[in-house]
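Asker: Attaching a predicted model along with its sequence, questions to come.
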Amino acid sequence: MSPKDIDTAGSLVVIADTGAGNRIVTFTADEVQKDFAIGGGSQGVAGGPNGQFAFTAPGASPEESGLISPPNPAQSFELLGDPFGATFGSDGAYWIVQFLAGQLVRLTTAGEVSFLPGLPMETARQITAGPNNTLWITLQKNEAKDIPSSVVRVSGVDPASTNNPPPPPPPPVLETKIGKGPKKVVKTRNNKAKVKFRFSSSAAGATFECSLTRLKGKKTKVGAFNACKSPRAYKLRPGGYRFQVRAVLNGVRDKTPAASKFKIVRIR
C-alpha cells in the first residue's frame, strides 16, 4: 500500500492508495479490510453520510473521480485536470480540487457535478471544510507564475437543508377577559334584574363557555359551563352570583376563566 489520504465514512476508515491494485482501502473498527477497485491511483478521499465516500483518481487513464456506497462498487466518472484533494462540505456535497484546471468540483451525494473556477492553475492541492460554511484550500508554490505557497478560503457555502418540516407553532395563549359587566351591586325594583356581560379572548377564532353560580354559602352548587356568545345576558332574582367565562380553541380550554361576582338587591 502507498497511502496518500485518509478519512472516516460512517464506521469505516477510508484510505486513498496509489500503490499496486488501483483501489480504495477500507477498514472496520475490527480491522476487517475491504478493497474497492477504481481506475487508477487515488490522492484524495472524503467521508460522507451513511458510510458513503468520494474519491479522486488522477492515476486513472483517463483521470476520474467518483462515489462509493459500500458494499456497492465504485461509481466513477471522467474528471480531467488532475483531481486531487477532497472534502465533504457543510452544504452536504463533496468538493474536489482540480490541480491543473485551477477550480473546484462540487459532487452531490447523488452524483451530480458542477464547477467553481477561480483558483490559480497548477497550485491547489488539498481542501478541507472549515467553520461558518467555508472551504480552505492549500496552494503550493509556483515560481513560473510567481505564486507563493499559501492557503485560501472560499466563503458562502450554503449549509445543507435537512428537508424536515418546520416545527408546528406553539399553541396560542388562551386568555379570557370580561370587557363589560354589571356593577358589584345591582339594584332593581322588580322581581328580576337584567345583567349583561361582554367578553373576548386573546386567541383569534376562539369560542366561549359560560357558567353562572348562585351563591348560597356552603350549599353553593357550581354552575356548569355551557357554550355562549358575547354579549351574554341573564334575568336574575335578587341574590349573590358568580359569572365565569372561558375561551375554547381547537378543544383546548382556558384553565383560568375570567370571573365576576355581583349581587342583585331589590329596593322599594
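Answerer: Thanks, I have the structure now.
Asker: how much space between residue 112 and residue 67?
Answerer: Distance, residue 112 to residue 67, by Cβ to Cβ, to the nearest Å: 11 Å. All C-beta atoms are positioned from the backbone trio N, CA, C, and that covers glycine.
Asker: residues contacting the nearest residue to residue 188 once chain neighbours are set aside?
Answerer: Spatial nearest neighbour of residue 188, excluding adjacent residues (Cβ to Cβ, 6 or more residues apart in numbering): residue 266 at 5.8 Å. Residue 266 is in contact with 187, 188, 189, 190, 191, 238, counting by Cβ atoms under 8 Å, 6 or more residues apart in numbering.
Asker: So among the residues you listed, which ones count as buried?
Answerer: Among the contacts of residue 266, the ones that count as buried by 16 or more other Cβ atoms under 10 Å are 188, 238.
Asker: Among the contacts of residue 266, which one lies nearest to residue 23?
Answerer: residue 238 (98.7 Å; Cβ to Cβ).
Asker: that older thread, which of residue 112 and residue 67 has more neighbours?
Answerer: Neighbour count, other Cβ atoms under 10 Å: between residue 112 and residue 67, residue 67 has more, with 21 against 9.
Asker: Does that one touch residue 79 like I think?
Answerer: No: in this structure, residue 67 is not within contact of residue 79 by Cβ atoms under 8 Å, at 11.9 Å.
Asker: in the longest strand along the chain, what's buried?
Answerer: Ranked by residue count under DSSP state E, the longest strand found in the chain is strand 239-249. Neighbour counts over strand 239-249 (16+ other Cβ under 10 Å) mark 241, 242, 243, 244, 245, 246, 247, 248, 249 as buried.
Asker: Contacts only, for the closest residue to the third one other than its chain neighbours.
Answerer: Just to be clear, that refers to residue 243. Spatial nearest neighbour of residue 243, chain neighbours left out: residue 260 (4.8 Å); criterion: Cβ to Cβ, 6+ apart. Each residue near residue 260 by Cβ under 8 Å, 6+ apart is listed here: 178, 181, 182, 197, 242, 243, 244.
Asker: cool, residue 208 as well?
Answerer: Taking Cβ under 8 Å, 6+ apart as the test, what residue 208 contacts is 176, 199, 201, 227, 228, 229, 230, 245, 246, 247, 248.
Asker: any idea whether it is helix, strand or coil?
Answerer: When classified by DSSP: H, G, I helix; E, B strand; the rest coil, residue 208 comes out as strand.
Asker: now it: how far from residue 182?
Answerer: 18 Å.
Asker: what's the answer for residue 141, then?
Answerer: Residue 141 sits 91 Å away from residue 182, going by Cβ to Cβ.
Asker: So for the two, which residue has more residues nearby?
Answerer: Between residue 141 and residue 182, counting by other Cβ under 10 Å, residue 182 is the more crowded of the two (19 against 11).
Asker: circling back: give the pairing partners of the longest strand of the chain; include direction for each.
Answerer: If you go by DSSP bridges, strand 239-249 pairs up with strand 207-215 (antiparallel), strand 252-253 (antiparallel), strand 258-266 (antiparallel).
Asker: Let me know the average pLDDT across the shortest one.
Answerer: If you average the pLDDT over strand 252-253, you get 89.
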